[in-house]
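Participant: structure for this input, please:
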Amino acid sequence: MEILGLVFAGSATAERAAMAAFVESTLGLRRAPDHDPADSDIFELPDGSRFGVADEREPGGGTSRTIGFLVADLDAAVAELQAAGVETEEPAETDRQRYAHFHAPDGRLYELVQELPC
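Facilitator: Residues are numbered from 1 along each chain as shown. Sure, this is the predicted structure:
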């Protein structure tokens, strides 16, 4: 598998509103105009990568984070992970990307991301 770069970092926290306000007003990041804020707040960075703030996945579970690795072919990359014994979620899609989450040996959530043509 060839990782092409980092395209996404995210935080899931019980303090979603405060964190989103901090990212927007203090860090000065712009909200992504093409994202539905129902499940997370997504902000764009100048290099095209994104940072997301979501509600915590498990109440009382504290803050969790995810990192998105850019790949050219999501299906091939998912197949490689599965062949290595790594369980992955089924790929999902937004207007901009296809992605699939997985847990690495450290127990943390990561994702593989494929950019879609504009």
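Participant: which SSE is immediately downstream of the host helix or strand of residue 19?
Facilitator: Residue 19 belongs to helix 16-21 when assigned by DSSP states H and E. As assigned by DSSP H and E, the chain's next helix or strand after helix 16-21 is strand 30-31.
Participant: mind checking how far that following strand is from the chain centre?
Facilitator: 16 Å (Cα atoms, centre = their mean, to the nearest Å).
Participant: report all helices and strands that it contacts.
Facilitator: strand 40-44 (3 or more Cβ pairs under 8 Å, 6 or more residues apart in numbering; DSSP states H and E). Just so you know, the C-beta spots here come from the backbone N, C-alpha and C atoms, and that holds for glycine as well.
Participant: now the helices for this protein?
Facilitator: Applying DSSP state H to the chain gives helices spanning 16-21, 74-83.
Participant: so for residue 64, which of those sits nearest?
Facilitator: Among the helices of the chain, the nearest to residue 64 by Cβ to Cβ is helix 16-21 (12.2 Å).
Participant: return the helix or strand in the protein with minimum mean pLDDT.
Facilitator: Within the chain, no helix or strand scores below strand 64-70, which has a mean of 84 by mean pLDDT, DSSP states H and E.
Participant: so which of the helices of the chain is nearest residue 90?
Facilitator: Closest among the helices of the chain, using Cβ to Cβ: helix 74-83, at 8.8 Å.
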